[in-house]
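A.B. asks: Let me see the structure of the following:
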Amino acid sequence: MTTKLVAEVRQEQGRGASRRLRHAGKVPAIVYGAGKEATAVVLDHNTVYHALNKEAFHTSVLDLEINGKTEKVILRDSHHHPYKQLVLHIDLQRVSANEEIHMSIPLHFLNQDTCHAVKVQGAHVTHVVTEVEVRALPANLPSHIDVDLAKLSAGQTIHLSDLVLPAKVTLEKLLRGDDAAVVIAGGIAEVADAEIVSPADIPSEKGDSKE
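C.D. replies: Residues are numbered from 1 along each chain as shown. Model (predicted):
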């Protein structure tokens, strides 16, 4: 499902103008890239605020309508108030259907609680990374990448090269020759059966006495 944002070209700029927009329930934004000049726009605050709480909004190609004309963009950055539920500004980058883009994509870890390493061997699973940098055309960009831990055993490490990627998607680190660790199963918790000792089994220092 494609997310659509509706924006208007922002006529006034500067801190004072941005402050007035926020008071009016709007979010200032900048749109740049694809060989075009940067455009200052304004969007509805509540729409942007709720969209930012969805993982897919950060990794999907978005439809941005500006004054009736639609462009394909991705979210590049967002700025928030330190303690208020307020979005101060967002940065959007135009994308071209024929040009690869770089994007941080979250990892979804599956079957961790039921894998052999955890359920049988008592291992501790560590997520070394929770997202990866990918390179792909906009149409091939995944919203997330699944990491199936069903067959994970204690002492085993899953590397970037072990990930199952969607078609026509590559990992930036692998392109640079860095096959980094993604998941490590270690720290096996070995619990020995406690030996139960009754008071009758404890020998007396003076030995048994007879009356």
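A.B. asks: Please report phi then psi for Ala56.
C.D. replies: Ala56 has phi and psi values of phi -60, psi -30 when expressed as degrees, to the nearest 10.
A.B. asks: Pull up the gap between it and Val120, please.
C.D. replies: 35 Å (Cβ to Cβ, to the nearest Å). (Each C-beta comes from the backbone N, C-alpha and C, glycine too.)
A.B. asks: got it, and His58?
C.D. replies: Taken as Cβ to Cβ, the span from His58 to Val120 is 36 Å.
A.B. asks: More neighbours: which of those two?
C.D. replies: More crowded of His58 and Val120, by other Cβ atoms under 10 Å: His58, with 19 against 10.
A.B. asks: dump the residue contacts of the more buried one.
C.D. replies: 52, 75, 104 (Cβ atoms under 8 Å, 6 or more residues apart in numbering).
A.B. asks: With respect to Pro138, which of the residues you listed is nearest?
C.D. replies: Distance to Pro138 across the contacts of His58 (Cβ to Cβ) is lowest for Leu75, with 13.1 Å.
A.B. asks: And that closest one, its phi and psi?
C.D. replies: Residue torsions, per degrees, to the nearest 10, at Leu75 are phi -80, psi 130.
A.B. asks: nearest spatial neighbour of it, skipping sequence neighbours?
C.D. replies: His58 (5.7 Å; Cβ to Cβ, 6 or more residues apart in numbering).
A.B. asks: per-residue pLDDT, the one you found?
C.D. replies: Predicted confidence (pLDDT) for His58: 95.
A.B. asks: where does it fall, phi/psi-wise?
C.D. replies: His58 adopts backbone torsions of phi -80, psi -10, taken as degrees, to the nearest 10.
A.B. asks: With Gln85 as the reference, measure out to it.
C.D. replies: From His58 across to Gln85, the span is 18 Å (Cβ to Cβ).
A.B. asks: sorry, back to before: tell me which of the contacts of His58 is nearest to Leu64?
C.D. replies: Leu75 (10.2 Å).
A.B. asks: per-residue confidence for that closest one?
C.D. replies: On the pLDDT scale, Leu75 gets 97.
A.B. asks: for the one 3 residues further on, same thing?
C.D. replies: Confidence at Ser78, expressed as pLDDT, is 96.
A.B. asks: could you say what helices and strands the host helix or strand of it packs with?
C.D. replies: Assigned by DSSP states H and E, Ser78 belongs to strand 69-80. Identification of packing neighbours for strand 69-80 by 3 or more Cβ pairs under 8 Å, 6 or more residues apart in numbering; DSSP states H and E yields strand 26-33, strand 62-66, strand 87-94.
A.B. asks: Was I right to think Ile66 contacts Leu43?
C.D. replies: No: Ile66 lies out of contact with Leu43 (Cβ atoms under 8 Å); the separation is 9.8 Å.
A.B. asks: These two - which one has more neighbours?
C.D. replies: In this view Ile66 and Leu43 are compared by other Cβ under 10 Å, and Leu43 has more residues nearby, 23 against 17.
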